[in-house]
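Visitor: model the following, please.
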Amino acid sequence: MDMTSFNVGALIFNKELPFVVEVDCDIDDHKFSIRGKGVGNAEKGLMVGKYVVSEGELPCSWSAITHNFQYGQVCFTRYPKDIPDHVKSLFPEGYVQTRHSHFVDDGEYTSVHTLTYENGVIYNRVKVNGGGFKPDGNVFGKRLREVEPDICSVYFPGKDGYNCEFIKLSETVDGDYQAIRIDQVIRPLSDGPSLPMTKQYHHYKFEYSKDANDTREHIIMKEQVHASHHTSK
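Guide: Okay, here's the model as predicted:
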């Protein structure tokens, strides 16, 4: 069955959309902000954004916080016609996503994303709070490279909303990996009708780069993501 015909919110995403990301962090008393913007294409499952430290200093590796940028924008995931796209059906009102990130043998933080559609733009406003990180660990020691293997996450219905779990592996400068165990729940901002939540898998690919002409602390992130019925692509 073609589920898109029942999804009014999906009509918003039938073309490229600009997005704005606003991240405010307070981690082990390090307060800093990041602002980003880019373009998302849900038909291709493609997002490209540039992110700049706008306030304070970046105390950690970029890879320790990049999943607070485009990862929160599940609405740009490419869907086959036979899987209910619950998240897009939450628009135009949007959703709140609460995510817990546990860095194995290090600290942890919680990020709260508020995703809305305003004047033709997707806004992803994020508050990050946490602590317990080692000053000389992979995160605050800035030992994580901007390289990540492909990721597969599982989404499933839960009592509190639409749940997701996955493990992010960030490569260290000496060739090891920092494991980050992540769980999250998505809740609608309104009580309007939506498509059902179903168990499904999302598959991600990432590329990071820099703008040689920009002297600010920044990163460019390209992400591709699609949904499927199985863990295999």
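Visitor: helix, strand, or coil at the most centrally placed residue in the chain?
Guide: Nearest to the mean C-alpha position of the chain, by C-alpha atoms, centre = their mean, lies Tyr71 at 1.4 Å. Recorded secondary structure, Tyr71: helix (DSSP: H, G, I helix; E, B strand; the rest coil).
Visitor: so in terms of bridging, what pairs with the nearest residue to Leu90 once chain neighbours are set aside?
Guide: Excluding the flanking residues, the one nearest Leu90 by C-beta to C-beta, 6 or more residues apart in numbering is Pro188, at 4.7 Å. Every residue, glycine included, has its C-beta placed from N, CA and C. On the basis of DSSP bridges, Pro188 is bridged to Tyr95.
Visitor: does Pro188 really touch Phe91, like I thought?
Guide: No - the pair Pro188 / Phe91 is not scored as a contact, 9.6 Å apart, by C-beta atoms under 8 Å.
Visitor: these two - which one has more neighbours?
Guide: Phe91 (25 against 18; other C-beta atoms under 10 Å).
Visitor: quick one, phi/psi of that one?
Guide: phi -90, psi 160 (degrees, to the nearest 10).
Visitor: that one contacts Tyr123, doesn't it?
Guide: No - at 11.6 Å, Phe91 does not count as touching Tyr123 under the criterion of C-beta under 8 Å.
Visitor: and for these two, which residues touch both?
Guide: Jointly contacting Phe91 and Tyr123 under the rule C-beta atoms under 8 Å, 6 or more residues apart in numbering are Tyr117.
Visitor: how about the helices in the chain?
Guide: Ranges of helices in the chain, per DSSP state H: none exist.
Visitor: so, low pLDDT: which residues of it?
Guide: 1-7, 233 (pLDDT under 70).
Visitor: all strands of it, in order?
Guide: 17-27, 30-41, 46-55, 95-103, 108-118, 121-131, 151-157, 162-171, 177-188, 200-209, 218-228 (DSSP state E).
Visitor: ok so, going back, what's near enough to touch the residue nearest to Leu90?
Guide: So Pro188 contacts 90, 93-95, 161, 194 (C-beta under 8 Å, 6+ apart).
Visitor: ok, and the most crowded of the residues you listed?
Guide: Leu90 (26 neighbours).
Visitor: and that one, how far from His100?
Guide: Taking C-beta to C-beta, to the nearest Å as the measure, Leu90 falls 21 Å from His100.
Visitor: now for the contacts of Pro188: which two are most distant?
Guide: Glu93 and Gly161 (14.4 Å; C-beta to C-beta).
Visitor: that older thread, nearest to Phe76, of the strands of the chain?
Guide: strand 30-41 (3.9 Å).
Visitor: so how far is that closest one off the chain centroid?
Guide: Centroid displacement of strand 30-41 relative to its chain, using C-alpha atoms, centre = their mean, to the nearest Å, is 11 Å.
Visitor: which strands border it, and is each parallel or antiparallel?
Guide: Sheet pairing of strand 30-41 (DSSP bridges) gives strand 17-27 (antiparallel), strand 46-55 (antiparallel).
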